[in-house]
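S.K.: model this:
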Amino acid sequence: MTIIQVRDLSFTYAGSSKPALKNVNISVEKGEFVLVVGPSGGGKSTLLRCLNGLIPQFYEGEYSGKVVVDGLEPDKTPTYMMSQVIGMVFQNPQNQLFALSVEADIAFPLENLGLPRDEIIQRVEEAMELLNITHLRDRSPFELSGGQQQRVAIASVLAIKPKILAMDEPTSFLDPLTAAQLLSIIDDVRKRLQLTVLLVEHRVELAAAKADRIVVVSDGCVVFDGSPRDFFEFYDSHLYGVSSPKVTSLSKRLKTHLEKWNRVCLSAEEFEAEVRSLVSHL
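M.R.: As a prediction, this is how the structure comes out:
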């Protein structure tokens with residue numbers, strides 16, 4: 001079932017002569033994990049803003065094409081309604097946190113929606129459990145680590161119970177270990193809640209193996225849309241402004257030089273399994 005449909009989408013920011021997006025066409029199925037990559041300034045963040053209605057409702061410019069998200073047209077639907085369908089998580093979690101406690105931050109959007117008190121309490125509890133932050137409920141968000149803050153920001157979005165989780169480089173302010181842990185939690189939550197996930201991320205090595213699809217956006221255009229394994233195996237990712245996971249580059253070389261090496265790997269776990277398989281046949 002298609003949950004996102006984008007047809008001939010173009011957008012040029014006010015004051016710019018260069019389109020940020022040019023005739024973009026993509027569709028996303030319900031429950032998919034789509035990794036969106038490409039060079040900085042290529043149009044990735046602009047695409048997400050078009051999906052949740054921030055463009056054209058809050059960003060002025062020339063907009064054309066059609067976007068449908070779970071039956072709604074974001075350019076014509078109030079953003080408070082779109083937020084209940086597609087939740088947005090930004091790079092810097094501090095931009096989404098402002099209350100005096102974690103619990104209050106997660107409850108705030110639910111209060112804005114006018115939900116009954118009992119339902120708010122239940123949703124806050126569920127969101128904190130999902131992100132493993134129940135023990136932080138009374139802490140000030142600004143006393144937390146970057147990884148904890150990002151979990152709180154994600155919990156505040158998930159409490160609304162959107163069908164789609166869109167994240168714009170959520171690991172940018174995190175160290176590699178914390179970033180890996182966060183993406184693992186996101187993947188686990190996606191599976192448990194059967195969410196559709198769109199992830200804009202430069203740390204491709206942390207997300208490639210988890211994604212069902214990879215969409216490469218460069219110079220405002222979608223230049224690749226397909227399997228992450230196919231992209232890294234058959235394309236030179238650096239030509240598209242995308243760094244290849246180190247384990248992928250190594251396994252590509254081994255596949256070229258070793259007859260019994262079967263596949264290009266996207267993660268250390270896949271690489272280990274391939275090595276074990278190779279050794280067992282020696």
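S.K.: mind checking which helix or strand the most centrally placed residue in the chain is in?
M.R.: Geometric centre of the chain, nearest residue: Leu199, 1.6 Å, by C-alpha atoms, centre = their mean. Following DSSP states H and E, the helix or strand that holds Leu199 is strand 196-200.
S.K.: Could you give the average pLDDT over the helix or strand just after that strand?
M.R.: For strand 196-200, the following helix or strand on the C-terminal side (DSSP H and E) is helix 204-207. Summarised as a single mean, pLDDT over helix 204-207 is 93.
S.K.: before we move on, back to that, list the pairing partners of the strand holding Leu199 within its sheet, with orientation.
M.R.: strand 33-37 (parallel), strand 164-168 (parallel) (DSSP bridges).
S.K.: so how far is Leu206 from the residue nearest to the centre of the chain?
M.R.: Separation of Leu199 from Leu206 (C-beta to C-beta, to the nearest Å): 10 Å. Yep, even glycine has a C-beta here, placed from its N, CA and C like the rest.
S.K.: Can you check which residues contact both of the two?
M.R.: Contact with both Leu199 and Leu206 is made by residues Leu183, according to C-beta atoms under 8 Å, 6 or more residues apart in numbering.
S.K.: what about the helices in the stretch 51-200 of the chain?
M.R.: Taking DSSP state H, counting those that start in this stretch as the criterion, the stretch 51-200 of the chain carries its helices at 54-57, 79-82, 102-112, 117-130, 146-158, 176-193.
S.K.: Gly241: which of these is closest?
M.R.: Of all the helices of the stretch 51-200 of the chain, it is helix 176-193 that lies closest to Gly241, at 19.7 Å by C-beta to C-beta.
S.K.: for the closest one, packing partners?
M.R.: Under the contact definition 3 or more C-beta pairs under 8 Å, 6 or more residues apart in numbering; DSSP states H and E, helix 176-193 sits against helix 117-130, helix 146-158, strand 164-168, strand 196-200, helix 204-207.
S.K.: Show residues contacting it.
M.R.: By C-beta under 8 Å, 6+ apart, helix 176-193 touches 33, 130-132, 145-147, 150-151, 154, 158, 165, 167, 170-171, 174, 195, 197, 199, 201, 203, 206-207, 210.
S.K.: Now tabulate the helices of the stretch 51-200 of the chain in TSV and tack on mean neighbour count.
M.R.: Putting those into TSV (neighbours: other C-beta atoms under 10 Å) gives the following:
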stretch	mean neighbour count
helix 54-57	19
helix 79-82	15
helix 102-112	20
helix 117-130	16
helix 146-158	24
helix 176-193	16
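S.K.: so where's this structure shaky on pLDDT?
M.R.: Low-confidence segments of the chain (pLDDT under 70): 282.
S.K.: Domains in it, by residue range?
M.R.: The record's domain parsing of the chain by automatic domain parsing lists 2-237, 245-282.
S.K.: tell me the most buried of these?
M.R.: When you average the neighbours per residue for each of these (mean count of other C-beta atoms under 10 Å), domain 2-237 leads with a mean of 18.
S.K.: and the end-to-end length of it?
M.R.: Domain 2-237 has an end-to-end distance of 28 Å (C-alpha to C-alpha, to the nearest Å).
S.K.: next one: stretch 43-60
M.R.: Stretch 43-60: ends 16 Å apart by C-alpha to C-alpha.
S.K.: Same check on stretch 43-59?
M.R.: Note: stretch 43-59 ends 14 Å apart using C-alpha to C-alpha.
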